[in-house]
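A.B. asks: below: sequence and its predicted model.
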Amino acid sequence: MKSLILLFCVISCVTCISEGEADRYKKCLQDYAAKTEQLDAYCETKISQLKEGIDDSIKSILKRENMTECGWKLFKDYKVDEIALNAFIQQYSNSTIDKKSFEKEIKNTFEYLALGAKIYCFSLANAFKGQFSKRNSNASDGHSIACMIKYSIDINIIDPKLYNISEGIYANEDCEAEFELWRENFPSSSLSLFFNSYKKIFGLPSAKVLECEHQKAKEEKLNEQAVACIALVHLNISDAQFQEIRTNYVNLYKKFLENKFECLDKIF
């Protein structure tokens, strides 16, 4: 909490400087963003204050979630602190920043990304208990599961020989309606299997970030792979196969999160 207060105090100082200093501050941020001019002592100090506030606010949230080491490495590897700074500079350089709004948005964004990092950092024993808490081999004749299996085989996501899948599971199922829907949805957008959608990121519109994420998911067939994992655990598979599928599902989650960070870096 103290670190968030520190960050918010840094932001608050932006709104209470004199008109002359406001121009100087804005030029400082623009120079830093452009990376074309050497920063003077005043600008170095202001940028250092912003970086310190952002870093401390991230560390505070990660400490609260008990993932200081892994979470901090993840955030630093994907330059979340720099992304937050760039987002602030974009807002302040182009308009008069709304302090209260930005305080709320930056806190919400750090909380959102930290929530995503929890499964990335924690062991498989704590991941996706809802999806993989029970083995339901009796559900293999369910219409939805059967269609998921058939669709995943058709697009070469599932190897039927690997899991000893008989055509009898889906031979008598009419899956055309589902197939038509999936052919439209899977390639074009994320189905939010792992993450809730968000309208803003660090106070800025998220449309371009989401578009980037959707494109990566399409190219890598991430949603299709995730659905295949969910369908496979309903079959009569071995314990080793079950654990392998669960591991694959967690790795898909990690890939979605990595793509999110990469898209944030690309956009900001």
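C.D. replies: Perfect, thanks for sending it.

A.B. asks: you'd agree residue 156 is in a helix?
C.D. replies: No - in this structure, residue 156 is coil, not part of a helix, as judged by DSSP: H, G, I helix; E, B strand; the rest coil.

A.B. asks: tell me how far it lies from residue 173.
C.D. replies: 19 Å (Cβ to Cβ, to the nearest Å). Bear in mind the C-beta positions are built from the backbone N, C-alpha and C, glycine included.

A.B. asks: what about the two, which has more around it?
C.D. replies: residue 173 (17 against 9; other Cβ atoms under 10 Å).

A.B. asks: measure that one to residue 80 for me?
C.D. replies: 45 Å.

A.B. asks: and for the nearest residue to residue 110 once chain neighbours are set aside, the neighbour number?
C.D. replies: Among residues not flanking residue 110 along the chain, residue 61 sits closest, at 5.3 Å (Cβ to Cβ, 6 or more residues apart in numbering). The tally of other residues near residue 61 (other Cβ under 10 Å) stands at 22.

A.B. asks: quick check: residue 61 touching residue 108?
C.D. replies: No - assessed by Cβ atoms under 8 Å, residue 61 is found out of contact with residue 108, at 11.1 Å.

A.B. asks: chain neighbours aside, what residue packs nearest to residue 203?
C.D. replies: Closest residue to residue 203 apart from its sequence neighbours, by Cβ to Cβ, 6+ apart: residue 105 at 3.6 Å.

A.B. asks: in a strand, that's where that neighbour is, yeah?
C.D. replies: No - the assignment for residue 105, made by three-state DSSP, is helix rather than a strand.

A.B. asks: what sits against it?
C.D. replies: By Cβ atoms under 8 Å, 6 or more residues apart in numbering, the contact list for residue 105 reads 200, 202-203.

A.B. asks: what are the ranges of the strands in this protein?
C.D. replies: Counting by DSSP state E, one finds strands in the chain at the ranges 200-201, 204-205.

A.B. asks: output the contacting helices and strands for the first one.
C.D. replies: Counting contacts by 3 or more Cβ pairs under 8 Å, 6 or more residues apart in numbering; DSSP states H and E, the secondary-structure elements packed against strand 200-201 are helix 99-121.
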